[in-house]
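[1] Below are the sequence and a predicted model for it; my questions follow.
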Amino acid sequence: MHIGIDARIAHYARGGIRNYVLRLLERIPPLDPGNEYYVLYSRKARHPPVLGANVTSIPCWTPSHHRIERWALGVEIARLRLDLLHTVDFIPPAFGYGQSVITVHDLNFLYYPQFQTSESRRYYNDQIAWAVGRAAYILADSHATKLDLAELLHTPADKITVVHLAADAAFRPIPQAQAAQVARRYDLSPGYLLTVGTIEPRKNLPGLLQAYARLRATGTTEASLVVVGGKGWLYDEVFERVESLGLAQHVRFFHGVPDEDLPGLYNAASVLTTPSFYEGFGLPALEAMACGTPVVVADRASLPEVVGDAGLLVDSEDVVDIAHALTRVLTEQALRAQMRARGLQQAARFSWERAARETLAVYRQVLGR
């Protein structure tokens, strides 16, 4: 069988989706040596993926999320005669291959259209129902996303399999001195509050900034709030809120942090907080728990599913609730120790090896093998 995996998004995006496709590419072909794999990658990438003996890398001109992507990519891949194509970011080509498997990471754009640019709304909202209907099978990052697919797009439950993401092995507890050394490279003192993710409206950074301002006003902390993530879209309010709250000297923004520095930054933080309005999975929370860092997350969508009983859950609409939970983590040593232990146990329940095997099982089911 000829199986394609569309990895073009790895060139255009950092974070969870990029990590997802790269980890699967490392693991699935070696588990399935009897089939041929074709990895679609962007011609703009500096280096093509170097994978196993049963993998061929296919450079593609068609960019991700382009308005004519469905048709242009279909033309490009028709010659490959793929029996199955796995589209890791929602929208498959309209033709040019056999069966379609898609991964739906979240349906944020349907729940909160105001959090998207008009261009993003046109791309996703106009095509998601078609993509779900076209797909022979759908992978969802969480049970929350599976429920969203059923409720918003009336997708049959037996057409969806939940495959959880995982934290890489690099995310683990490290000696304090080693973590402090990484922090110093960013001119940070250990013990800061941390949030990780693209700066976009659904991350609720304005709400977090208000909660952080309350912590400083009450003398709960003098530590910095560190934001690791690039500018996404509709982010002006975040920087306006920093200025209006008088936090310019206390909030640090870092874009383009190398992957190898992230474990150290998690380890040096006192708490990781993700008070988002919506998350399809919430990988930073899992990575933080794997490092032994306590997490405070929103009681919404997939986040309770990811953190289990290891984290504190907050109402993302309630600044006082967010501030209270952060205060508890910062001031209650027994709670911190309990959260650290539970977080490490919770993170160990997720693995990329299992994700790869579960994904391959879906390929085989679709191909009738």
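    Good, I have the coordinates.

[2] Could you list which residues are in contact with Leu194?
    225-226, 228, 265-266, 269, 271-273, 288, 293 (C-beta atoms under 8 Å, 6 or more residues apart in numbering). Yep, even glycine has a C-beta here, placed from its N, CA and C like the rest.

[3] what ranges do the strands span in the stretch 151-300 of the chain?
    With DSSP state E, counting those that start in this stretch applied, the stretch 151-300 of the chain shows strands at 160-162, 193-196, 225-228, 251-254, 271-274, 295-298, listed in chain order.

[4] Kindly present these as JSON lines, with separate columns for mean pLDDT.
    Shown next, in JSON lines, are the strands of the stretch 151-300 of the chain (pLDDT from 0 to 100):
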{"stretch": "strand 160-162", "mean pLDDT": "98"}
{"stretch": "strand 193-196", "mean pLDDT": "98"}
{"stretch": "strand 225-228", "mean pLDDT": "98"}
{"stretch": "strand 251-254", "mean pLDDT": "98"}
{"stretch": "strand 271-274", "mean pLDDT": "98"}
{"stretch": "strand 295-298", "mean pLDDT": "98"}
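
[5] among those, which is nearest Gly207?
    Each of the strands of the stretch 151-300 of the chain was scored for nearness to Gly207 using C-beta to C-beta, and the closest is strand 295-298 (9.5 Å).

[6] Give the pairing partners of that closest one; include direction for each.
    Using DSSP bridges, the strands paired with strand 295-298 in its sheet are strand 271-274 (parallel), strand 312-314 (parallel).

[7] Show me where the chain dips below the pLDDT cut-off.
    Applying pLDDT under 70 to the chain picks out residues 13-15.

[8] can I see the domain layout of it?
    Listed domain ranges for the chain are 2-166+351-367, 176-347 (source: automatic domain parsing).

[9] just these: most buried one?
    Most buried of the domains of the chain by mean neighbour count (mean count of other C-beta atoms under 10 Å) is domain 176-347; its value is a mean of 20.

[10] Could you verify my assumption that Gly280 touches His143?
    No: the pair Gly280 / His143 is not scored as a contact, 11.3 Å apart, by C-beta atoms under 8 Å.

[11] who touches both of these two?
    When contacts are counted by C-beta under 8 Å, 6+ apart, Gly280 and His143 have Ser302 as shared neighbours.

[12] related to what we said a few turns ago, can you convert the strands of the stretch 151-300 of the chain into CSV and add a column each for distance to Val307?
    Shown next, in CSV, are the strands of the stretch 151-300 of the chain (distance: least, C-beta to C-beta, whole Å):
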stretch, distance to Val307
strand 160-162, 16
strand 193-196, 14
strand 225-228, 19
strand 251-254, 24
strand 271-274, 9
strand 295-298, 6
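
[13] Could you say which one of those strands comes nearest to His2?
    strand 160-162 (22.0 Å).

[14] Output the contacting helices and strands for the closest one.
    strand 137-140, helix 143-153 (3 or more C-beta pairs under 8 Å, 6 or more residues apart in numbering; DSSP states H and E).

[15] So what touches the first one?
    What it means is strand 137-140. Contact with strand 137-140 is made by 99, 101-104, 132, 146, 149, 155, 159-163, 359, 362, 365-366, as judged by C-beta under 8 Å, 6+ apart.

[16] List the neighbouring strands of it plus their orientation.
    Going by DSSP bridges, the partners of strand 137-140 are strand 97-104 (parallel), strand 160-162 (parallel).

[17] For the longest one, C-alpha coordinates in CSV please.
    Extracted in CSV, the C-alpha atoms of strand 97-104 (Å, rounded to 0.1, in the frame of the first residue of the first chain):
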residue,chain,number,x,y,z
TYR,A,97,-5.7,9.7,-3.7
GLY,A,98,-7.8,6.9,-2.3
GLN,A,99,-9.0,7.0,1.3
SER,A,100,-8.8,10.0,3.6
VAL,A,101,-7.9,10.1,7.3
ILE,A,102,-7.9,13.5,8.9
THR,A,103,-6.9,14.8,12.3
VAL,A,104,-9.2,17.4,13.9
